[in-house]
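Trainee: Provided below are the primary sequence and the corresponding predicted coordinates.
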Amino acid sequence: MNASRWLALYFVTLLADLVLISLNMDGLRFATKPLLVPLLAVYFLTAGGTTPARQKAWMYGAMLFCLSGDVLLMFDHLFLPGLGCFLAGHVFYIFFFLTIRYSNPPVPPCKYHWVFLNAAAVIGYVLFLMPYLGRMVIPVIIYSLVISIMLQSVIHAFHYRYQRMAWYCLGGAVLFVLSDSLIALGRFYHPLPAGGQLVMLTYGLAQAGLVYGAVQYYRQ
């Protein structure tokens, strides 16, 4: 099966998972949610043949930890280990996109306004949630810092004017931040209407954007 069909199967599985969330059929999600990242991994394997070996290692490491986080977060009492897995996944994504940045001459310039805007948003968000976090204050602060660095690593990896595939990666990174922000709001502040669907939709599109953009970058 060619690469595009694996990607199509990923989106079909994502849609099925969203339907199961809407129908409150959480038990059946064990057949859909844990399948998402492996499908993206097969897509990356079949489509990313020109990707350097070290970059493949970073990407597969990110996927492995995200898959572990997906499974662990299906159990409410394993929220903290799941959070830790996703934190590790973001670290692998950071190294993946930093490697792109420093092998993408000329090195893309630092976008200081986005650094400061991102920092302000993270600080404001954490301060807003802090009264509701209890013992989770430190883990949430650490996770917020790491995912904001992941976003910055994507922002600074590409030349956006002529590397159009970079927008897929950027969209994926932004959606990842949004998805995790929705999780935190729903868990610590107040349940969100259709929160499960929104979290899964933004997360599914985020992973697809990061992987698809990376594949297209190494195909150029």
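Mentor: Received it, and whenever you're ready, just let me know what you need.
Trainee: just the pLDDT at Pro81, thanks.
Mentor: Pro81 is assigned 98 on the pLDDT scale.
Trainee: which residues touch the closest residue in space to it that isn't next to it in sequence?
Mentor: With sequence-adjacent residues excluded and distances taken as CB to CB, 6 or more residues apart in numbering, Pro81 is closest to Leu72, at 5.1 Å. Just so you know, the C-beta spots here come from the backbone N, C-alpha and C atoms, and that holds for glycine as well. Listed by CB atoms under 8 Å, 6 or more residues apart in numbering, the contact set of Leu72 reads Leu78, Phe79, Pro81, Gly82, Cys85.
Trainee: separation between Leu72 and Ala3?
Mentor: Counting by CB to CB, to the nearest Å, the separation of Leu72 from Ala3 is 29 Å.
Trainee: Ser181 now?
Mentor: 31 Å.
Trainee: same thing with Thr13?
Mentor: 16 Å.
Trainee: these two: which is more packed in?
Mentor: For the pair Thr13 and Ala3, the greater number of neighbours falls to Thr13 (19 against 16), based on other CB atoms under 10 Å.
Trainee: now do the SS call for the more buried one.
Mentor: Three-state assignment for Thr13 (DSSP: H, G, I helix; E, B strand; the rest coil): helix.
Trainee: got a pLDDT number for it?
Mentor: Looking at Thr13, its pLDDT is 98.
Trainee: again, but for the one 10 residues further on
Mentor: With respect to pLDDT, Leu23 scores 97.
Trainee: could you report the neighbour count for it?
Mentor: Count around Leu23 with other CB under 10 Å applied: 9.
Trainee: same deal with the one 5 residues further on?
Mentor: By the measure other CB under 10 Å, the count of residues near Leu28 is 13.
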